[in-house]
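J.: sequence and predicted structure, then a few things I'm wondering about:
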Amino acid sequence: MAAPGGKLDTLPQGQYRCALPGDAAGAAWIPLEDRNFTIGNGSTYRTHQGSGTYLLTGTRVTFTRGPLKGLKFERTGSDSLRWIDDKGEPGRVRCVRSGFAR
């Protein structure tokens, strides 16, 4: 029997870099250093502010503890996430796995 919201899973381990899309007149992406995180073993992550846990159900990622607690993302590919705002709408922030965890 599947969990409500979809199958439980974990994200690929590695460093996730988050950014806003830029525009044609400037940079392609605007980095958001305060949103970057590294996925570790199991459902754990860490940032420069500390560590925490997340839950991946179907394609929805919810940070449940730690510095990113309350942030939600939609998994849009094997290595990419799109921020979901407080109203449940897709936001402009994207996070992409850019390297392996150290």
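T.: Alright, I've got the coordinates.
J.: from now on I want contacts and neighbour counts done on CA atoms only, so please keep to that.
T.: Will do.
J.: which SS class is the spatially most distant residue from the centre of the chain?
T.: Using Cα atoms, centre = their mean, the residue of the chain lying farthest from its centre is A25. It sits 27.3 Å away. Assigned by DSSP: H, G, I helix; E, B strand; the rest coil, the conformation of A25 is coil.
J.: that one and V93: what is the separation?
T.: Here A25 is placed at a distance of 19 Å from V93 (Cα to Cα, to the nearest Å).
J.: and if you look at T53?
T.: In this view, T53 and V93 are 20 Å apart by Cα to Cα.
J.: output the longest strand belonging to this structure.
T.: Looking across the chain with DSSP state E, the single longest strand is strand 90-99.
J.: and that strand, which residues are buried?
T.: V93, R94, C95, V96, R97 (16 or more other Cα atoms under 10 Å).
J.: tell me how far it is from the chain's mean position?
T.: Between the centre of strand 90-99 and the centre of its chain there are 7 Å (Cα atoms, centre = their mean, to the nearest Å).
J.: which strands or helices does that strand pack on?
T.: Applying 3 or more Cα pairs under 8 Å, 6 or more residues apart in numbering; DSSP states H and E, we find strand 90-99 packed against strand 14-21, strand 80-84.
J.: for the nearest residue to T57 once chain neighbours are set aside, give me the pLDDT.
T.: Closest residue to T57 apart from its sequence neighbours, by Cα to Cα, 6 or more residues apart in numbering: L8 at 4.7 Å. Here, the pLDDT recorded for L8 equals 92.
J.: cool, and M1?
T.: So M1 comes in at 51 (pLDDT).
J.: check S51 too.
T.: If you check S51, the pLDDT there is 98.
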